[in-house]
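In: 3D model of this:
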Amino acid sequence: MRFYTKMKKNGQVSTGRRVMDYAVAAMEQTELYCTAHPGSPSAVRRPRLFFRGELWIALVGPSVEEGIVGIGPTVATALRAFDAQYLAGLRPPDEAIKPRRSFRGASSAPAA
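Out: This is a model prediction of the structure:
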């Protein structure tokens, strides 16, 4: 089971009842998301979850700067953003940059 924390603005970790409520809710929401999306990167990789300010952060890697991260106002949106970032990293750079050809443009091109 993963350990979830909530950090106060002064950098100290809060261990009060409210953090436990966040942790339990986050674990439940993560399980619901992963059950609904069993093949998703979130379900397979199980990113760590953090709550900072008003946002949830899903992270795989040593840090936000060096890892794969998803951020959102809810656990589900953070996991969905994590999935999108994870999958975007798997695409070759050429494929991510090239614009899609429209069907209209393809029909007017001369046949080879």
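In: May I see the buried residues of the helix or strand containing residue 30?
Out: According to DSSP states H and E, residue 30 maps onto helix 17-36. Within helix 17-36, the residues that qualify as buried by neighbour count (16 or more other Cβ atoms under 10 Å) are 19, 22, 23, 26, 29, 30, 33, 34. C-beta coordinates here come from the backbone N, C-alpha and C atoms, glycine included.
In: Just the element for residue 51, please.
Out: When elements are assigned from DSSP H and E, residue 51 belongs to strand 48-52.
In: same for that strand, what does it pack against?
Out: Counting contacts by 3 or more Cβ pairs under 8 Å, 6 or more residues apart in numbering; DSSP states H and E, strand 48-52 is packed against strand 6-7, helix 17-36, strand 55-60.
In: Let's have those in TSV, adding distance to residue 84 and mean pLDDT.
Out: Conversion of those to TSV gives the following (distance: least, Cβ to Cβ, whole Å; pLDDT from 0 to 100):
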stretch	distance to residue 84	mean pLDDT
strand 6-7	25	48
helix 17-36	13	84
strand 55-60	11	95
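In: Put together CSV for the ones you listed, with distance to residue 71 on each row.
Out: Compiled in CSV, the helices and strands packed on strand 48-52 are given as follows (distance: least, Cβ to Cβ, whole Å):
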stretch, distance to residue 71
strand 6-7, 15
helix 17-36, 14
strand 55-60, 5
